[in-house]
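K.L.:
no letters, just coordinates:
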């Protein structure tokens, strides 16, 4: 769109130099990441060489070769792994990076790279350069271990630097949200509460002209017809189209108007939001059918999940038994009543079971009937406040896991009285009960516990049910422990 700005467009000042500075900082950060990986891999190789001569894990060589004889292998080690990082898109840094997922990818890539280096060194270098020394397996092991540790540390440092620059406003991307419904509002609220994502919301754009100056604290900028002008005027780098109910032709027009320069376009899914992560195509007598829903936890996967539950719960009960005994003594010392508190909860297939917890409230806490626990609840004991904040009161549920009433990870069980209420007002709520209830879950590690939205919790629980994997369970357990240690859960009371 050429000419003057339309009168209905609410103009803001986002000078082009600021956009260029942000892009320049981003490019510098990308270069720093590459150099940091090279430095960490080189340092790991040096540490591996020194460890082979000093650590007694393997036989220490009597007359080890000089380090200079391994320089060619070190260069190969750095080069191969960094090429694998590039082909695995580990240099494509998204704004919301899961440290756990990134760590897993780094470990896997370095493992493959270390094995490739060993093979290439044997097949090529020792055949072409006859005086090249052998790359011993003990050194290969040490280099592999140090490479994983140091690269992950380097990535953590780089991510911390990037987040600090984003929070200061130095490295931010101008973002435009198309749509003014609930979805657009939720997206804007999430971005506004997460300065570490590095987005600067310049405004929202309704499909059609609106008279509002602001919507959920964000300026309203014209309408969809002004998108080309707005992208150029405000130096927009990211666009999120959050109008899932738009017609197909209307959506195509929106995407076409947003295709300017190097703008990244993200689309909030409509139909595909109900699909599982791994979409598959089945054949029905020659007719292709797309599977849009396929419950993940079936067959051998259920056996694998049960085996994980038994092993972890048994180990946890044995290892934590002295601390559990001490907790029992302190509970009895602080207030009269039983050590454990059992409460009927609804589990798999809507079967009730007695869930076990350490008692964290006075013995007469529910004399007036059941009720939600609120912040600074006077019924909670002093020891109970600590246990609830650290989730230590839920450790006895390892017994529930061991006997099969619960799983380590799954939808959080509710009391039958609440289940009956929620099932009448929340769509698909009862589908949570197709799997075992869990001590922790996908909703909990995303901050949805305590007095939070049941509707949002249900959406997270259903996503978990339909996207289960062993790695997802491991990831949730790691995040649960991490959030507990760092006291990140504001709703734990």
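P.N.:
Thanks, I have the structure now. Everything quoted here is computed from the prediction, not taken from an experiment.

K.L.:
quick one: residue 414 and residue 233, what's the gap?
P.N.:
Remark: distance between residue 414 and residue 233 (CB to CB, to the nearest Å) = 50 Å. The C-beta positions use only the backbone N, C-alpha and C, and glycine is treated the same way.

K.L.:
mind checking how far the helix or strand where residue 77 lies is from the chain centre?
P.N.:
According to DSSP states H and E, residue 77 maps onto helix 71-87. Put simply, helix 71-87 sits 28 Å off its chain's centre (CA atoms, centre = their mean, to the nearest Å).

K.L.:
again with stretch 136-148
P.N.:
Worked out by CA atoms, centre = their mean, stretch 136-148 lies 29 Å from the chain centre.

K.L.:
what's the answer for stretch 408-420, then?
P.N.:
For stretch 408-420, the distance to the chain centre is 23 Å (CA atoms, centre = their mean).

K.L.:
in it, what's buried?
P.N.:
Of all the residues in stretch 408-420, those buried under the rule 16 or more other CB atoms under 10 Å are 408-414, 419.

K.L.:
cool, stretch 77-91 as well?
P.N.:
So stretch 77-91, judged by 16+ other CB under 10 Å, has buried residues 77-78, 80-82, 84-85, 90.

K.L.:
from those residues, pick the one nearest residue 138.
P.N.:
Using CB to CB, the shortest approach to residue 138 within the buried residues of stretch 77-91 belongs to residue 77, at 15.3 Å.

K.L.:
quick one, domains of the protein?
P.N.:
What automatic domain parsing lists as the domains of the chain is 17-167, 172-274, 300-364+375-485.

K.L.:
export those domains as CSV, with columns for mean pLDDT.
P.N.:
Below are the domains of the chain laid out as CSV (pLDDT from 0 to 100):
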stretch, mean pLDDT
domain 17-167, 87
domain 172-274, 80
domain 300-364+375-485, 86
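
K.L.:
name the SS class of residue 349, please.
P.N.:
helix (DSSP: H, G, I helix; E, B strand; the rest coil).

K.L.:
repeat that for residue 438.
P.N.:
Assignment for residue 438 (three-state DSSP): strand.

K.L.:
mind listing the helices for the stretch 201-350 of the chain?
P.N.:
227-233, 248-258, 300-334 (DSSP state H, counting those that start in this stretch).

K.L.:
out of those, which one sits most buried?
P.N.:
helix 227-233 (a mean of 21; mean count of other CB atoms under 10 Å).

K.L.:
I'd like to know which elements it is packed against.
P.N.:
strand 173-178, strand 199-205, helix 248-258 (3 or more CB pairs under 8 Å, 6 or more residues apart in numbering; DSSP states H and E).

K.L.:
before we move on, back to that, which single one of the buried residues of stretch 77-91 is nearest to residue 62?
P.N.:
Once CB to CB is applied, the member of these that ends up nearest residue 62 is residue 77, at 24.9 Å.

K.L.:
wait, doesn't that closest one sit right on residue 41?
P.N.:
Yes - Residue 77 is within contact range of residue 41, at 6.4 Å (criterion: CB atoms under 8 Å).

K.L.:
what packs against the strand or helix carrying residue 388?
P.N.:
Under the criterion of DSSP H and E, residue 388 resides in helix 382-390. With contacts taken as 3+ CB pairs under 8 Å, 6+ apart, helix 382-390 sits against helix 300-334.

K.L.:
apply 6 Å and report the result again.
P.N.:
Taking 3 or more CB pairs under 6 Å, 6 or more residues apart in numbering; DSSP states H and E as contact, there are no helices or strands that helix 382-390 lies on.

K.L.:
list the buried residues for that helix?
P.N.:
383-384, 387-388.

K.L.:
I'd like the next helix or strand past it.
P.N.:
With DSSP H and E, the next secondary element past helix 382-390 is helix 397-403.

K.L.:
now what about that following helix, what contacts it?
P.N.:
Outside helix 397-403, the residues within contact range by CB atoms under 6 Å, 6 or more residues apart in numbering are 309, 313, 316-317, 356, 406, 408, 439.

K.L.:
one more time with 8 Å, if that's ok
P.N.:
309-310, 312-314, 316-317, 320, 353, 355-357, 406-408, 439 (CB atoms under 8 Å, 6 or more residues apart in numbering).

K.L.:
now do the same contact list for the closest residue to residue 358 other than its chain neighbours.
P.N.:
In space, residue 358 comes closest to residue 393 once its chain neighbours are excluded; the distance is 4.3 Å by CB to CB, 6 or more residues apart in numbering. Residue 393 sits next to 357-360, 384, 387 when contact means CB under 8 Å, 6+ apart.

K.L.:
and the angle from the helix holding residue 388 to helix 300-334?
P.N.:
160 degrees (axes from the mean of the first three to the mean of the last three CA atoms, to 10 degrees).

K.L.:
the nearest residue to residue 431 once chain neighbours are set aside: what's it in contact with?
P.N.:
Nearest residue to residue 431, sequence neighbours excluded (CB to CB, 6+ apart): residue 462, at 5.9 Å. Shown in contact with residue 462 (CB under 8 Å, 6+ apart): 428, 431-432.

K.L.:
most neighbours among those residues, which one?
P.N.:
Counting neighbours by other CB atoms under 10 Å, the top entry in the contacts of residue 462 is residue 432, with 28 neighbours.

K.L.:
tell me what the helix holding residue 77 is packed against?
P.N.:
So helix 71-87, by 3+ CB pairs under 8 Å, 6+ apart, packs with helix 16-54, helix 99-120, helix 137-167.

K.L.:
minimum distance to residue 32: which of the helices of the stretch 201-350 of the chain has it?
P.N.:
When the helices of the stretch 201-350 of the chain are compared (using CB to CB), the closest one is helix 227-233, at 28.9 Å.

K.L.:
brilliant, that's me finished.
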